[in-house]
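1. Structure for this input, please:
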Amino acid sequence: MNRYLDYLYILATIGFTVYGQLILKWRIVQFGSLPVDFSEKIKFLFGLFIDPAIFTGFTCGFLASLTWMAAMTKFDLSHAYPFLSLNFAVVLLLSSWLLSEPLTFQKALGVGLIIVGTMVAAHG
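-> Here you go, the predicted model:
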């Protein structure tokens, strides 16, 4: 049973990473396009950096690093790393649902292949 609890570190890494990506995209869309002028770009990026929601995305990136380090104490890298490919699948599905991004057949097929590949790699 304890070994299954070790997988929570990998799951937390995935969760923190996915949250960070989704929150960054959601807020950046609300800020609009990157300006052309260099000084305006700096102001724009600084505004993004101090946005509280975006800051939570950065924080989750840091927390993902911590949970990944914990996972590395429990698993071989060659076993744990394939699970991170699930980030692609979860981000794709949630971005379609939460951000109304298009989910094409090719993307869905790719996600299916990622999931199958992860299962094969995890058992290998």
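
2. On the C-terminal side of the longest helix seen in the chain, identify the next helix or strand.
-> The residue-count maximum for a helix in the chain (DSSP state H) belongs to helix 2-31. Next along the chain after helix 2-31, taking DSSP states H and E as the criterion, comes helix 38-50.

3. Which residues does that following helix contact?
-> Residues outside helix 38-50 that contact it (CB atoms under 8 Å, 6 or more residues apart in numbering) are Arg27, Ile28, Phe31, Leu34, Pro35, Ile54, Phe55. Placement of C-beta: from N, CA and C, glycine included.

4. which of those sit farthest apart?
-> Spanning the widest gap among the contacts of helix 38-50 are Pro35 and Phe55, at 21.3 Å by CB to CB.

5. Which helix or which strand is home to Ser100?
-> Here Ser100 sits in a region with no helix or strand, counting by DSSP H and E.

6. Next, count neighbours for Gly47.
-> 11 (other CB atoms under 10 Å).

7. cool, and Pro102?
-> A total of 7 residues lie near Pro102 under the criterion other CB under 10 Å.

8. got the phi/psi numbers for it?
-> Pro102 adopts backbone torsions of phi -70, psi 140, taken as degrees, to the nearest 10.

9. Make sure it is actually in contact with Leu92.
-> No: counting by CB atoms under 8 Å, Pro102 stays clear of Leu92, with 10.3 Å between them.

10. ok so, going back, just the buried ones from the contacts of helix 38-50, in ChimeraX syntax?
-> A single ChimeraX command selects the buried members of the contacts of helix 38-50 (16 or more other CB atoms under 10 Å):
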select :27,28,54
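
11. Go through the contacts of helix 38-50 and say which is closest to Ser65.
-> Within the contacts of helix 38-50, the smallest distance to Ser65 is 15.8 Å, found for Phe55 (CB to CB).

12. how about the nearest residue to that closest one, chain neighbours excluded?
-> Leaving out its chain neighbours, the residue that sits closest to Phe55 by CB to CB, 6 or more residues apart in numbering is Phe49, at 7.7 Å.

13. repeat for Pro82
-> Ala121 (3.6 Å).

14. The one you found and Ile115: what is the separation?
-> Distance of Ala121 to Ile115, computed by CB to CB, to the nearest Å: 11 Å.
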